[in-house]
Every structure is written in structure tokens, then in C-alpha cells.
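1. with the sequence up front, the predicted model follows.
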Amino acid sequence: MPLLRLGVSLQPRWPLNDGASVLRAARRAEELGFDHVAVGNRLLDSGFGLDTDPLVLLSAVAGATTRLRLLTSVLVAPYYPALLLANQAATLDVISGGRLILGVGTGWNPDEFTAVGVPARERGARTDDHLAAAKALWTQRPADFDGPFTTLRSAHLGVPPVTAGGPPVWIGGHSDAALRRVLRFGDGWYGTGADATEVTNVRRRLRDLAGATGHTDRLTLASAAFLTPPGVPAAVPPPGRPLGGPAPTAAGVADDLGRLAEAGLTTCTLWLPVAAEHVEKAMEWIAAEVAPQLT
């Protein structure tokens, strides 16, 4: 079976009177051998999970761990001016020793776009602009850039990234526009709840869009997947089909993950719709019962 790297999302609503609990969970994920932890990007209360800033929280996780990769899953690029995005991501890349993976998307929440003063209709164009400008700032000193929303003249980014070319960028989305964005700016594609059929289709579509000159084999294919381990109560319904179905077993979950790996997925973030106090139990079950079947 092809190697499949497993990570976990730090999505549950952690108790505000014990902010360090999320850092303990991240350390436990590292101890259990997970590849990465992931944090989403919400600015307003979502009602179902962790709504902290991903770059701030992952900076704290970087200081609490030594090996674990750090994934924004996903950061809404239009919310962040290009220079701010480039500098914050480079800062986290440096302090983590090159462990940041910048998962980005265009966003969807109209209330948040209104609150930050960014027209939602511009989200695709702003994402392209900000990624192109960030790449220029990470790779050129000085950097010059002319875009519809960003202009740079002889700009030296305050903190050059430690990763050559900047942190890897995984781009979310399923539309042709999103896949073209992957080919232009990305080091990988990041899906949500993708099954083996969708992964196969994304690989084909990327090849078709790239044409004869494209080199899609360089791209990482990754996705979030949903899982409520047996014996662990769900706090919210999963937003898609869970691994292993509604009554998962270790064998059923491993079988689903194996099909994803055979389809070309190399990294999977497990989104656990459980209460914060059950996250470590859920991770321990995955590490003990599922992960050994993937090797």
C-alpha cells in the first residue's frame, strides 16, 4: 500500500479557561506519530469548533512541538493583505524550522467578507494576487510586483523564509478555477471529504488542464476526511461521509484510507467531530488500531 501520512485537525472547541489544552493535544499527536496538525480559518463564531487565527495558534504549536508539520486548513487568502500574509507565513516557517504547510482557499462566508471589508466577488482574483505577490516576496530580494490589489517596489520582506522558495502551498477547491490556481501557484491540492473516485478525477483534471507541458507529478494530493472512532461520542455531525461509514471499525477505516492512497492521495487530515475532552482518546485509537494497518 502506498504511504499515506495522517494528521489531525485541532478543530474542537477547546475550553477557554484552559488554553493550553490544545497544545497538550498537539504534543500528544506528535508522540503518537502523526504527521501534522491542522487549524482552520474562521473570524466569526462558527458554532461548531475552534475559531482561532490559524497562524497565531500554529505558532504556539510550533513552540510546543519539534517534528509535527503545521497545516493551515485552510487559510482564507483574501482576508490577509499580500505583504502581511507573506511575512506572517515566513515568520512561522522560520520559527518552526520549516514545518509550515500553507493551505489556502478563496473563502465563502459572506458575513466575514463584509466584516473585513473585502468584496466576496473579488475573492478569486485577490487569492491569485496575494499568492503571486507572496511568492515574489519569498523568492526575490528585492521584489517588484504589479497586481490588481498589490504593488511592490524594491521590497525586502522583513523575514525571509527558511524553506527555499517559501513554505509549500496547498490550494483547496474543486472547480476548474481552483485547479488552475493549483497549477499556477501550488505545491499541492487540498480537498475536503474526498473519496477515491474524486481523487482520481482531480488527478485527471489536473493533467488535462496542465496540457502536454504540465508536470503534475510534482504536486502533493491531500484531503481532509471525517472520522468518529467507535466508543467516542460525536459532538457535531460530520459534514460529509465518515471514514468507515456510520459504524466504523479499524479495518473499515483502514480500507477507506487504503483506497484513497491507491488513488494517489499522499496526506490525509482526520477531522474528528468530537468534544475536546475526547480528542486524545480518538487519536490514540487511530494510532493503535488504524495506522499499523497502513504500513
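-> Perfect, I can see it now.
2. show me where this protein has its helices.
-> Assigned by DSSP state H, the helices in the chain fall at 21-31, 54-64, 82-95, 110-116, 123-139, 176-185, 196-210, 250-263, 279-285.
3. closest one to G231 among those helices?
-> helix 279-285 (7.6 Å; Cβ to Cβ). C-betas here are computed from N, CA, C, even on glycine.
4. in the chain, which residue is most central in space?
-> With distances taken as Cα atoms, centre = their mean, the residue of the chain nearest its centroid is S73 (2.9 Å).
5. ok so, going back, closest to G166 out of the helices of the chain?
-> Here helix 123-139 is closest among the helices of the chain (Cβ to Cβ), at 3.2 Å.
6. buried ones in the closest one?
-> Buried residues in helix 123-139, counted by 16 or more other Cβ atoms under 10 Å: 123-124, 126-138.
7. please apply the same query to stretch 97-117.
-> Applying 16+ other Cβ under 10 Å to stretch 97-117 flags 99-107, 109, 112-113 as buried.
8. can you check stretch 271-287 too?
-> For stretch 271-287, by 16+ other Cβ under 10 Å, it's 271-276, 278-279, 282-283, 285-287.
9. quick revisit: dump the helices of the chain to a markdown table, plus distance to P242.
-> Formatted as a markdown table, these follow (distance: least, Cβ to Cβ, whole Å):
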| stretch | distance to P242 |
| --- | --- |
| helix 21-31 | 19 |
| helix 54-64 | 24 |
| helix 82-95 | 31 |
| helix 110-116 | 27 |
| helix 123-139 | 29 |
| helix 176-185 | 24 |
| helix 196-210 | 15 |
| helix 250-263 | 9 |
| helix 279-285 | 12 |
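10. for those, give me JSON lines that also has mean pLDDT.
-> Compiled in JSON lines, the helices of the chain are given as follows (pLDDT from 0 to 100):
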{"stretch": "helix 21-31", "mean pLDDT": "96"}
{"stretch": "helix 54-64", "mean pLDDT": "97"}
{"stretch": "helix 82-95", "mean pLDDT": "98"}
{"stretch": "helix 110-116", "mean pLDDT": "97"}
{"stretch": "helix 123-139", "mean pLDDT": "98"}
{"stretch": "helix 176-185", "mean pLDDT": "97"}
{"stretch": "helix 196-210", "mean pLDDT": "97"}
{"stretch": "helix 250-263", "mean pLDDT": "97"}
{"stretch": "helix 279-285", "mean pLDDT": "96"}
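11. wait, which of those is closest to L3?
-> Here helix 250-263 is closest among the helices of the chain (Cβ to Cβ), at 7.4 Å.
12. counting neighbours, what do you get for G165?
-> 11 (other Cβ atoms under 10 Å).
13. next one: it from L32, what distance?
-> Going from G165 to L32 by Cβ to Cβ, to the nearest Å gives 31 Å.
14. same check on R207?
-> Distance from R207 to L32, by Cβ to Cβ: 36 Å.
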